[in-house]
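# Pasting a predicted model and its sequence here:
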2 protein chains.
Amino acid sequence: MARKAGSHADITGPAIRAAALRLFARSGYAAVSMRQIAAEVGVGAGALYLYTPDKQTLLFDLMQEHMTALLAAWEAVDKGSTPQDHLQAFVAFHIDFHIDRPDAVFLAYMELRNLSPGNFAAIEALRRRYENQLQSILENGSGTGAFKIDDARITTMALIAMLAGIHVWYRDGGRLSRDRIQTIYRELVRRTVSP
Amino acid sequence: MARKAGSHADITGPAIRAAALRLFARSGYAAVSMRQIAAEVGVGAGALYLYTPDKQTLLFDLMQEHMTALLAAWEAVDKGSTPQDHLQAFVAFHIDFHIDRPDAVFLAYMELRNLSPGNFAAIEALRRRYENQLQSILENGSGTGAFKIDDARITTMALIAMLAGIHVWYRDGGRLSRDRIQTIYRELVRRTVSP
DNA sequence: GTCTATATCCGGATAGAC
DNA sequence: GTCTATCCGGATATAGAC
């Protein structure tokens, strides 16, 4: 396809998203200017508006992509047969997926309040769908007697919060290997629901 | 003491802090203007600078007060004698203290990145002191055999994250009473560390 | 102690040249 | 497709009147 000299749409679009993700995660949506993002990419501020109608949509797209990728990746996981296997698979998946995407995770947890009401509702619905995956596992296992659970909804929120907390202290190359972290958290989760 | 007509320093100072706390928690530090805070209090924007040198210090003071109040309140708690009692007291205290201060809790967790480096270090040190309270309980109980714990630091972070997650879903007058929440989380924590 | 007015700067978003 | 220049609004913080 013919293209004008100086055109870089194929790389500029992704570069803008990557820069926005990094900067939003580091400094917060409200504290980052479109000029900063443009400077990071190496284009003028005006050029950004060829790729997004406005700053709000840029934030929303980043969050929506993260959440849909999360749900799609979980769909593709081999979940085993027993409720115990199912739960262990969820924990392993969650840790792996989140540890590889610290910026997107941070954004999805911290910038909800900077979404417009409509965008907020859309992201919340996706998050709720993900939470419900775990809640179903717990309810199934509770039904069969594989788990002992007081309140499935609260336990769901407690476990998700516990796992989400990893991003607070995890650093690449830190004291614990990824495998070790997986082992510790699998055991923590197993204990919280074991009969 | 004599005072000019129109003087309200004794109420304006606290009113500014209360308004800033509410607005920062609701919309985020970067998204709230000094004009908004002043309007909420019912004074002009310029008057704020009689009570704080700048916006950053206002944020820092709110966070520092919250953290020192948290540590002081925990010092005053009757902690029981056994490691199990000690841990249960921590959980009960944490839930009570945090459920009563949703705005301050939100601020302390969400606005760390909007602190200047020096202010950030000060707040982080206070947070670390609080985390260490729990970690000591776990290490003591692990030493006596009262608890079975893989990694005390990770378990500390996991439990704090789990408890902190309450603020995500808790609403006054919601499905669960405060007592019921305390009961559920005490049991969750007990299971995580029981031998 | 508070208000009004203002200095100074930076924000998002757009228009038109190349 | 990108750049430069710009509109326009709003930000923090200060100065001086009352």
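Ah, there it is. Residues are numbered from 1 along each chain as shown, chains lettered A, B, ... in the order given.
# And DNA strand C, is stretch A:113-125 touching that?
No. Judged by CB under 7 Å from any atom of the strand, stretch A:113-125 makes no contact with DNA strand C; its nearest approach is 10.6 Å. Every C-beta, even on glycine, is put in place using the N, C-alpha and C of the backbone.
# in that stretch, what's buried?
Buried residues in stretch A:113-125, counting neighbours by 16 or more other CB atoms under 10 Å in any protein chain shown, are found at A:114, A:115, A:119, A:122, A:123.
# Which ones among those map onto strands?
Within those, no residue falls in strands by DSSP state E.
# could you give me the average pLDDT of the helix or strand harbouring residue A:65?
Taking DSSP states H and E as the definition, residue A:65 sits inside helix A:55-75. Rounded to a whole number, the mean pLDDT of helix A:55-75 is 98.
# Which secondary structure elements does the helix or strand just after it sit against?
Scanning forward in sequence from helix A:55-75 by DSSP H and E, the next helix or strand is helix A:83-99. Other helices and strands packing on helix A:83-99, by 3 or more CB pairs under 8 Å, 6 or more residues apart in numbering or on different chains; DSSP states H and E, are helix A:55-75, helix A:117-144, helix A:152-164, helix A:166-169, helix A:178-193.
# ok, 10 Å please
Here helix A:83-99 touches helix A:55-75, helix A:102-110, helix A:117-144, helix A:152-164, helix A:166-169, helix A:178-193, going by 3 or more CB pairs under 10 Å, 6 or more residues apart in numbering or on different chains; DSSP states H and E.
# looking at the ones you listed, which is buried most?
Ranked by mean neighbour count, the helices and strands packed on helix A:83-99 are led by helix A:152-164 with a mean of 22 (mean count of other CB atoms under 10 Å in any protein chain shown).
# Indicate whether that one makes contact with chain B.
Yes. For helix A:152-164, a contact with chain B is found by CB under 10 Å from any CB of the partner chain, at A:153, A:154, A:155, A:156, A:157, A:158, A:159, A:160, A:161, A:162, A:163, A:164.
# Might one say that the fourth one is in contact with residue A:127?
No. In terms of CB atoms under 10 Å, residue A:156 does not count as a neighbour of residue A:127; the distance is 11.9 Å.
# domains of chain A?
What automatic domain parsing lists as the domains of chain A is A:1-52, A:54-193.
# now for the ones you listed, which one comes closest to residue B:30?
Nearest to residue B:30, of all the domains of chain A, is domain A:1-52, at 3.6 Å by CB to CB.
# Let me know the closest of the residues of helix A:152-164 next to chain B to residue A:137.
Using CB to CB, the residues of helix A:152-164 next to chain B come closest to residue A:137 at residue A:156, 8.9 Å.
# so what's that closest one up against?
Applying CB atoms under 10 Å, 6 or more residues apart in numbering or on different chains, we find residue A:156 in contact with A:131, A:132, A:133, A:134, A:135, A:136, A:137, A:138, A:139, A:149, B:169.
# my guess is residue A:91 meets residue A:191, correct?
No. In this structure residue A:91 lies outside contact range of residue A:191 using CB under 10 Å: 12.0 Å.
# State the distance from residue A:81 to residue A:140.
Applying CB to CB, to the nearest Å, the value for residue A:81 to residue A:140 is 11 Å.
# One more: residue A:89?
To residue A:140, residue A:89 is 13 Å away according to CB to CB.
# same question, residue A:96
22 Å.
# And for residue A:153?
14 Å.
# What number of residues are in the vicinity of residue A:33?
Neighbour count of residue A:33, defined by other CB atoms under 10 Å in any protein chain shown: 13.
# I figured residue A:112 was touching residue A:124, is that so?
Yes. Between residue A:112 and residue A:124 there is a contact under CB under 10 Å: 7.4 Å.
# which residues are common contacts for those two?
When CB under 10 Å, 6+ apart defines a contact, no residue borders residue A:112 and residue A:124 alike.
# Do I have it right that residue A:102 meets residue A:110?
No. Residue A:102 is beyond contact range of residue A:110, at 11.8 Å (criterion: CB under 10 Å).
# so where is chain A shaky, pLDDT-wise?
For chain A, applying pLDDT under 70 flags the ranges A:1-9.
# Can I get the contacts of residue A:156 in a markdown table including distance to DNA strand C?
Putting those into a markdown table (distance: CB to the nearest atom of the strand, whole Å) gives the following:
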| residue | distance to DNA strand C |
| --- | --- |
| A:131 | 31 |
| A:132 | 33 |
| A:133 | 34 |
| A:134 | 36 |
| A:135 | 37 |
| A:136 | 39 |
| A:137 | 41 |
| A:138 | 41 |
| A:139 | 43 |
| A:149 | 45 |
| B:169 | 31 |
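# Centre of the chain to stretch A:78-94, how far?
19 Å (CA atoms, centre = their mean, to the nearest Å).
# Alright, that wraps it up for me.
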